[in-house]
Every structure is written in structure tokens, then in C-alpha cells.
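[1] Could you look at this predicted model? Sequence included:
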Amino acid sequence: MAAAADEQLLLHLKLAFLALEPPACVLTLARKAGGGSVTPHVQNFILENCIGTNVGKSPNYAYVETILKKVIAEAELSSDIVIDELYEEFGQCMLSKANNSSLDMANKIYKDISFLSPTYDNVSSNPVSLVARLLCSTNMLEGDTGCCLWPSSLFLSEFILSFPELFSKKCCFELGSGVGLVGVCLNYIGASKVILTDGDVSTLANMKANMEMNSLYIKDSQLVIESKNKVECKYLSWEEASAKDLWGCQRDVVLGADIIYNPSCLPHLVRVLSMLLREDDEQCTSVNAATNEETSDEVSEKGATGGRVAYIATVIRNVDTFSCFAKAAADAKLSIVNITSTVTPSSFLPYMLSYDRSSVQLLAITLLS
């Protein structure tokens, strides 16, 4: 049992590194794996399994340098032995960073988001159920928010993986898809069609690149129509969207993560949500009621009227902004039910210490009958 626990801690350390978790979080996991300090065994593990040449691609030298610097400082501070290879790797990393400085100046980094099976207990089996490789931005403070990975996206992904019966064999339509993580998860659980949208051109281009990197994006429009379990990426401006723009976009379920943030966009968001949730014989695909039979009452009752449902994960950073959204939704005859307390997703990302699940609210939105 002790060996299995140690293996799990080392796995968490590796996955945190590949997800480019904040260095302080990686160091915390390194301490846990070493029983309170960064031991030579843990140092060797970091070298061989995290920074090793066979792990990952396109390394972010600035990130690796920071991790190595913190590990070395921590080991020296606790009077632990620092293995020679760690110093050598640190020197090599600084040299590589100098020779490849242009790579780190692009403000883009690759993150491998690994979803662990919440029930695995045998270290000999593969504990990782899904890995999404994503190109993300490090420039969120300069307007590049659409290419960042937000807590609500992680939460919504865990929700999808925890309740696959809500999305399997369904046409799923996401608003403000950002880097596309939710699309990867929807494809994984067997959604019949996945449509990801965004109103920012650069974000959309990055999203398409991420889907292609995960073998989910097909450039040829005809192949998209004919393919199964593939992802379609579309430009959708909430301000300019009309019913005609959504004509032919099949959707049984609508999703969104962290899309309630800009007061000026809220009227347009509510209008688009209303159009997407409205039933239309030409656009609507039949909902297979049998797929909901095993779903918990708390979740399934949100679609009790037989109509479409939107699942929106959000962090309420500004109460006034959320109140504005709630009022606009009520005026548009939309029902908003906070299902956070009744539906708890499994923890697929226990190694992501920076991810605060408690900050995210999950809303179920339907048209009032």
C-alpha cells in the first residue's frame, strides 16, 4: 500500500509538470513525494520522468529552468544531497534557453492536461484515462484570455467525464470555446457531434490547431459532415449572430465555461442562448431519452420540459455582472438553476493544486415553458 501511495505521488508530480502547473505547486508535490523534502530519489525522478528528453515536446525552457532552480534551492536549504545531474541539467537548460530564446518569447506554451481515472487503485494499470495536449497563452493580462485555460473549463470537463450519459450520442454546441478542452472531453465520451465556437479570430485559429494536434479537427467541410466523433470549429460573434447563422447547427446540449464576464456582452449572450435553446424541427435532432435513464434526478430534471439545456460553468468574480446576466435571462424567459450543490463531478485532476474547484458554479439553463 505504501509503495502504491508513493507511486501515486510521483505520478501527480509528473502530470503537474507536464500540465505546466505553477512552480510552487510542482515543488509542493515534490516535497510530498519525498516525505517532506526533495530527496535524491525525487530529484532523479524529476530528471528522468519530467525533464527527460522522451517526455513532452517543444519544452518551455524558462519554465524548466524555474523548476530546476526551485528544486535545487529547496534541496540545499533542507541539507539534502543535490545530485550532480541536477546541476548539469540546470546548466544545460540555461544554455538551451539562450540558444532558443525566440521560442519562449512567443507567449505560447504547450500543456498536457491528463485526466486520471478517479477509481484507479492498481498502479500496474494505466491510471490516465484521457490526455489533452493544448497550446495556451501566457499573456492573459494583455487581452489573450481566449487562449488561456480557466478553472471553469476544467470543471466543465470533469462534469462531462463524470456524467457522460448527458452528452453521449448528443449534438453538443459550446459557446466561447477558447483552447477547446471541453471539445476534447465531449469527443472522448462519444458525443455524436461537437461544435466549438468563438468570436475571436486568433482564439479560433489556436482552437483549430489544438483540435488538429489532438487528431480531432478536419479541415475539409465535407469530411466534417461525414465524419463521426470529430470536432467542428466555427466563428460565432454574439453581437452579430442571427437565427440564420445558427440554422443547420444541430445541438441537443449547449455548453459554456467562463462566458459570463463582460457586462456589455451579456445581452448578446442571452440572445444567443435563447436562440440555441429554442426548439426547431429543422435544426433539432431527437434526444434519446434512454441515455438519461441512469442520470441522477438532480441533473435529469433540468430538462424535464423536454427541451434543450445549457450547462454553464462560471466563476462569479463580480456579483453585479452576474446579477445583470440573471436579470437579462429572466427577461428572455430563461430559467437558471444552480446545480453546483446537487451535482458533484469526480476529481479527475487531483494533481492540479492551482485548480480551485470550489470557486466554480455550475448552472443549468432552459427555456421557460
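    Yep, it's here. This structure is a prediction, so every number in the text was calculated from the model and none was measured. Residues are numbered from 1 along each chain as shown.
[2] what ranges do the helices span in this structure?
    For the chain, helices defined by DSSP state H occupy the ranges 2-18, 23-33, 40-45, 61-77, 84-99, 101-104, 151-162, 181-188, 201-213, 221-226, 243-246, 266-277, 297-300, 319-331.
[3] Relative to residue 345, which of these is closest?
    helix 151-162 (3.9 Å; CB to CB). C-beta coordinates here come from the backbone N, C-alpha and C atoms, glycine included.
[4] hmm, back to that, for the helices of the chain, could you give me a markdown table that also reports mean pLDDT, mean neighbour count and distance to residue 356?
    Shown next, in a markdown table, are the helices of the chain (pLDDT from 0 to 100; neighbours: other CB atoms under 10 Å; distance: least, CB to CB, whole Å):
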| stretch | mean pLDDT | mean neighbour count | distance to residue 356 |
| --- | --- | --- | --- |
| helix 2-18 | 89 | 19 | 15 |
| helix 23-33 | 96 | 20 | 12 |
| helix 40-45 | 94 | 18 | 26 |
| helix 61-77 | 90 | 18 | 21 |
| helix 84-99 | 84 | 14 | 30 |
| helix 101-104 | 52 | 13 | 27 |
| helix 151-162 | 97 | 24 | 6 |
| helix 181-188 | 97 | 27 | 17 |
| helix 201-213 | 93 | 19 | 24 |
| helix 221-226 | 51 | 11 | 36 |
| helix 243-246 | 82 | 14 | 34 |
| helix 266-277 | 96 | 20 | 24 |
| helix 297-300 | 51 | 15 | 23 |
| helix 319-331 | 97 | 15 | 18 |
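[5] among the ones you listed, which is nearest residue 369?
    Residue 369 lies closest, by CB to CB, to one member of those: helix 266-277, at 11.7 Å.
[6] Would you mind pulling up the elements that that closest one packs against?
    With contacts taken as 3 or more CB pairs under 8 Å, 6 or more residues apart in numbering; DSSP states H and E, helix 266-277 sits against strand 171-175, helix 243-246, strand 253-257, strand 309-314, helix 319-331, strand 334-338, strand 361-367.
[7] For residue 26, find the nearest of the ones you listed.
    strand 253-257 (24.7 Å).
[8] Could you pull up the mean pLDDT of the closest one?
    Within the predicted structure, the mean pLDDT of strand 253-257 is 97.
[9] how far out from the middle of the chain is it?
    13 Å (CA atoms, centre = their mean, to the nearest Å).
[10] Then stretch 327-345?
    In terms of CA atoms, centre = their mean, the centre of stretch 327-345 is found 21 Å from the chain centre.
[11] cool, and stretch 201-211?
    15 Å.
[12] Can I get that stretch in PDB, CA atoms only?
    C-alpha atoms of stretch 201-211 as PDB (Å, rounded to 0.1, in the frame of the first residue of the first chain):
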ATOM      1  CA  VAL A 201     -10.300  35.100 -34.800                       C
ATOM      2  CA  SER A 202      -6.900  34.400 -33.200                       C
ATOM      3  CA  THR A 203      -8.600  32.300 -30.500                       C
ATOM      4  CA  LEU A 204     -10.400  30.300 -33.200                       C
ATOM      5  CA  ALA A 205      -7.200  29.700 -35.100                       C
ATOM      6  CA  ASN A 206      -5.500  28.500 -31.900                       C
ATOM      7  CA  MET A 207      -8.500  26.200 -31.100                       C
ATOM      8  CA  LYS A 208      -8.300  24.700 -34.600                       C
ATOM      9  CA  ALA A 209      -4.600  24.000 -34.100                       C
ATOM     10  CA  ASN A 210      -5.400  22.300 -30.800                       C
ATOM     11  CA  MET A 211      -8.000  20.100 -32.300                       C
END
